[in-house]
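Here's my sequence, what's the structure:
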Amino acid sequence: MEIEAGELLKHIQTPADLKRLGQAELVKLCDELRQYIIDTVSVHGGHFAASLGVVELTVALHYVLNTPYDQLVWDVGHQAYGHKILTGRREVFHTNRVLGGISGFPKRSESEYDTFGVGHSSTSISAALGMAVASHYKGETDRQHVAVIGDGAMTAGMAFEALNHAGIEKSNLLVILNDNCMSIDPNVGALKEYLTSITTSRSWNRFRDDIAHVLAKISEIGPDALGIAKKIEKSIKGTLLKNSNLFESLNFRYFGPVDGHDVKRLVNTLDDLRGIPGPKLLHCITVKGKGYALAEKDQTTWHAPGLFDKITGEIKKSKTDKPVAPKYQDVFGHTLVELAEMNNKIMGITPAMPSGSSMNIMMKAMPNRAFDVGIAEQHAVTFSAGLATQGMVPFCNIYSSFMQRAYDQVIHDVAIQNLQVVFCLDRAGIAGADGPTHHGAYDLAYMRCIPNLTVSAPMNEEELRNLMYTAQQEGVGPFVIRYPRGQGVMPDWKRPLKPIPVGKGRKICDGEELAILSIGHIGNEAIKACITLNEEGIFPAHYDLRFVKPLDEPLLHEVFGKFKKIITVEDGCIQGGMGSAVLEFMADKGYQASVVRLGIPDEIVEHGEQQELWALCGYDSATIVHTARKMAVSRKTDSLAG
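All right, here's what the predicted structure looks like:
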C-alpha cells in the first residue's frame, strides 16, 4: 500500500530541501511528517510512539545542522524514523524492518546520514565524543557533533562514563536529553526525580528562556567575555535551582528545559548553541506518542503496537479458532509468580524491560520483591549477586543480546563466587525484525565456557516452567535458561511443576538412519522435519539435549554408539555453540561420525521474520529435511559400496 506524503513533505528528499523552507512552514511540515509516520506504521508495523515524540526535534536538527558533515547520533534508534524519512528514505520507508528492506535503526551502511549504528541504549554520547575528538584532531573546528539520548538511556553507566570523559575534553559536543519520562515502560530511579525537579522549577524556567541566546551573543565578543559570562551563569543557576550542578559538575553547560514540540523555539535554541564552544547539554521536554492520542495515553502499549487502525486505534491481531499458545515471556512471568508464592526467597530483577519480559506480572503481584533497575544490565547482574549472598534466589531477566553488556559481571560477580542467580535470557536466538543488534545469537557459546554455570534451553513451555522450578531449588548454583521471542507450542501449558535432573536430556523418538540433536525451541522444527522424513521412509532419531552445560554424556554415548550420521540443530551461533560442544565430546571420547551442524552462520544476520531468517540461515524444518535426505542417501551409498 502506497502512503501519500503531505504537500511539503513530498518535496523533501534531503535536509538541503528542508532548509529551503521558511521557519513558518516548519510547523506544517512537522504535522505532515508525524502523519506520515502514523499512516505508514499503522499499515506496515514497526516502532511507533518514540519517533512521534521527536518529530519537531528531528526537523529542527536537520534544519539547523549541516548534516551529514555535522554528525548526528541517535541513541536507541527506534526514535529515528523521522530522521530516515527526511534523509532520502521516504520512498522505501514502507520496507522498514522487512526482509531485504531498510533497518528499523540507524545503520552506517544504509546512509551517510546514519553516523553510528545503534540498537542498544546509551551509546550515543561515547560515539559522538569519539567523533568530536577526531574532528578536533583533524582541525575541523566548524564541525558539530550531536548526541540525542533519552532520559531512560541516561540511566546506564556508560552514559555517565561518557559524560565524565567529555567534560575534560572540551570538544564541540552537544548532548540533547530527550526527557519524556519513558523508556518502553515508565522510567525509574533518582535521575528521573532529579529531572522532574528541574522541569517543575518556575524560577529556573523563567531564567532559562534567555540564557542560551545571551551566551551565544557574548561568545561572539571573544573568549575573555565568554569566561566571565560562564561564571555569572553558574552563579545564577546555583541560586535559582537547588542541586542544579549534576551536569555542570561534569563541566557541561546546561540549557533548558525547553519545549521539545515547539519547532521554532528549537530552531532558535539550536542555532544559538552552535556558537557556544565546549560540551553542552540541552534538556528537551517531549511527550512520547505526541500527536496520536491513544499513544500519548498508553505509551508502553504503543511503543511498538504492530498493525492498527489509525482511525479507531484498534490493534489488529490474527484471528483463529484454534487455541493459541502463549508467548514464552508470559509463561515466564506467570510461572515466576507461582514459584515466588512457593518460595519466599525468590526475587525478580529486570533492566528496564518489565513489559517486554513480563516481569510486570510479579511487580504488580509482589511489588516489594520485583525490581526494575533501569537500563543498567551490569548493575542488574551484580545487584542480583548481592541479593544471592544474603540467601535470596534472584531471577534476573535480561534479553540475550543485552546480556552481552554484562558479561564481566556474570563471570566476576556470579560465577567465580558460585552464587545462585537464575539468568533468564529472553529473545534468545533470532529475534526477528529488530535485526542484528537484537538477535540473541551468542549466549550458548559465551555462557557454556564459564565455570560453575548450568546452561539450558527449553523446547516448549512445560520445559521452561520445569527448568525455572529446578533452578530455584537449594544448592543448584548459577543457572541460565534461554528462550526465544514469540509464541510457544503448547496452548495447554500450565501443567504441574516438576524438577528436571541437571544435565539430563531426553529422547523424543528413536530411529535408524541418523540422529538429530537439538536444543531449545528450534527442536520443534526438528519434530516437523522428522514427520516429513518418516513419510519418505527415512527414520531419524531425535534427541532434545536441554542442557549445553553440563552435557548429557550418557545420552551422547548412546547417540555416538548407535549412529554414524548426526545433525545438530540450534537457534544460536555455530561457532562455539551446542554443535561445537558435541564435536568436542566426540573428539574427547574417541568417537568417529559424520556430524553436520545447523545454526546461525559466522556472519551478521539482518532483519526479517524469524521463520524467514531460520530458512536463510539454514536450520528450519525444510533445511533439516534436506540435510537428512543427503545424509541418508550417503549412508545407503556407503552400504552398497561395502
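
those helices in the stretch 101-250 of the chain, which residues are they?
124-137, 157-169, 190-199, 202-219, 223-240 (DSSP state H, counting those that start in this stretch).

What's the mean pLDDT across the third one?
This means helix 190-199. Averaged across helix 190-199, the pLDDT comes to 68.

Stretch 110-118 now?
Across stretch 110-118, pLDDT averages out at 94.

First-to-last residue distance for it?
Terminal residues of stretch 110-118 lie 12 Å apart, using C-alpha to C-alpha, to the nearest Å.

can you list contacts of that stretch?
The set of residues external to stretch 110-118 that reach it, using C-beta atoms under 8 Å, 6 or more residues apart in numbering, is 15, 67-68, 71-77, 80, 83-84, 87-89, 102-103, 105-108, 123-124, 127-128, 131, 437. For the C-beta atoms, the positions are set from N, CA and C on the backbone; glycine is no exception.

CA atoms only: put stretch 349-363 into PDB for me.
In PDB, the C-alpha atoms belonging to stretch 349-363 read as follows (Å, rounded to 0.1, in the frame of the first residue of the first chain):
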ATOM      1  CA  ILE A 349      15.000  -8.200  38.500                       C
ATOM      2  CA  THR A 350      14.900  -6.700  35.100                       C
ATOM      3  CA  PRO A 351      16.800  -3.800  33.500                       C
ATOM      4  CA  ALA A 352      14.000  -1.500  32.100                       C
ATOM      5  CA  MET A 353      12.100  -4.300  30.400                       C
ATOM      6  CA  PRO A 354       9.200  -5.200  32.800                       C
ATOM      7  CA  SER A 355       6.600  -5.400  30.000                       C
ATOM      8  CA  GLY A 356       8.900  -7.000  27.400                       C
ATOM      9  CA  SER A 357      10.000  -9.700  29.800                       C
ATOM     10  CA  SER A 358       6.600  -9.900  31.600                       C
ATOM     11  CA  MET A 359       8.300  -9.100  34.900                       C
ATOM     12  CA  ASN A 360       5.500  -6.600  35.300                       C
ATOM     13  CA  ILE A 361       3.300  -9.500  36.400                       C
ATOM     14  CA  MET A 362       5.400 -10.100  39.500                       C
ATOM     15  CA  MET A 363       5.900  -6.300  40.000                       C
END
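
model confidence over that stretch, on average?
Average pLDDT, stretch 349-363: 95.

same check, this time on stretch 473-489
On average, stretch 473-489 scores 96.

mind checking the end-to-end distance for it?
26 Å.

so how far is that stretch off the chain centroid?
Its chain's average C-alpha position is 19 Å from that of stretch 473-489, according to C-alpha atoms, centre = their mean, to the nearest Å.

Please apply the same query to stretch 169-182.
Centroid displacement of stretch 169-182 relative to its chain, using C-alpha atoms, centre = their mean, is 21 Å.

which of the contacts of stretch 110-118 count as buried?
The neighbour count (16 or more other C-beta atoms under 10 Å) marks 15, 67-68, 71-77, 80, 83-84, 87-89, 102-103, 105-107, 123-124, 127-128, 131, 437 as buried among the contacts of stretch 110-118.

now, which of these lie within strands?
71-74 (DSSP state E).

so which two of these are the farthest from each other?
Pairwise distances across those (C-beta to C-beta) peak at 11.1 Å, for the pair 71 and 74.

Tell me where this structure is predicted with low confidence.
For the chain, the stretches flagged by pLDDT under 70 are 1, 182-189, 192, 196-245, 318-321, 634-642.

For the stretch 301-450 of the chain, which segments count as strands?
Applying DSSP state E, counting those that start in this stretch to the stretch 301-450 of the chain gives strands spanning 346-350, 370-372, 393-399, 422-426.

is it possible to export those to JSON lines including mean neighbour count?
Formatted as JSON lines, the strands of the stretch 301-450 of the chain follow (neighbours: other C-beta atoms under 10 Å):
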{"stretch": "strand 346-350", "mean neighbour count": "26"}
{"stretch": "strand 370-372", "mean neighbour count": "24"}
{"stretch": "strand 393-399", "mean neighbour count": "27"}
{"stretch": "strand 422-426", "mean neighbour count": "28"}
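
Nearest to residue 410, out of the ones you listed?
Among the strands of the stretch 301-450 of the chain, the nearest to residue 410 by C-beta to C-beta is strand 422-426 (7.2 Å).

Distance from the closest one to the middle of the chain?
What separates the centre of strand 422-426 from the centre of its chain is 15 Å, taken as C-alpha atoms, centre = their mean.

cool, stretch 4-15 as well?
In terms of C-alpha atoms, centre = their mean, the gap separating the centre of stretch 4-15 from the centre of its chain is 31 Å.

Span of it from start to end?
End to end - C-alpha to C-alpha - stretch 4-15 spans 20 Å.

what's in contact with that stretch?
Identification of contacts with stretch 4-15 by C-beta under 8 Å, 6+ apart yields 17-18, 21, 25, 28-29, 31-33, 35-36, 39, 62-63, 65, 67, 85-88, 90, 113.

6 Å instead, please
Residues from elsewhere that reach stretch 4-15 (C-beta atoms under 6 Å, 6 or more residues apart in numbering): 18, 28-29, 32-33, 36, 62, 67, 86, 88.

Show me which residues of it are buried.
Neighbour-count burial for stretch 4-15, counted by 16+ other C-beta under 10 Å, picks out 5-6, 8-9, 12, 15.

and the two most separated of those residues?
Farthest pair in those, by C-beta to C-beta: 6 and 15, 17.2 Å.

Let me see the contact set for residue 339.
346, 472 are the contacts of residue 339 under C-beta under 6 Å, 6+ apart.

likewise residue 155?
With contact taken as C-beta under 6 Å, 6+ apart, residue 155 is in contact with 189, 191, 374-376.

Check residue 262 too.
Taking C-beta under 6 Å, 6+ apart, we find residue 262 in contact with no residue.

Give me the contact list for the helix or strand in which residue 26 is found.
Element membership of residue 26, judged by DSSP states H and E, is helix 23-44. Under the criterion C-beta under 6 Å, 6+ apart, residues 1, 3, 5-6, 8-9, 48, 51-52, 55-56, 59, 81-82, 93-94, 263-264, 291-292, 308, 310 lie in contact with helix 23-44.

Kind regards, and thank you for your time.
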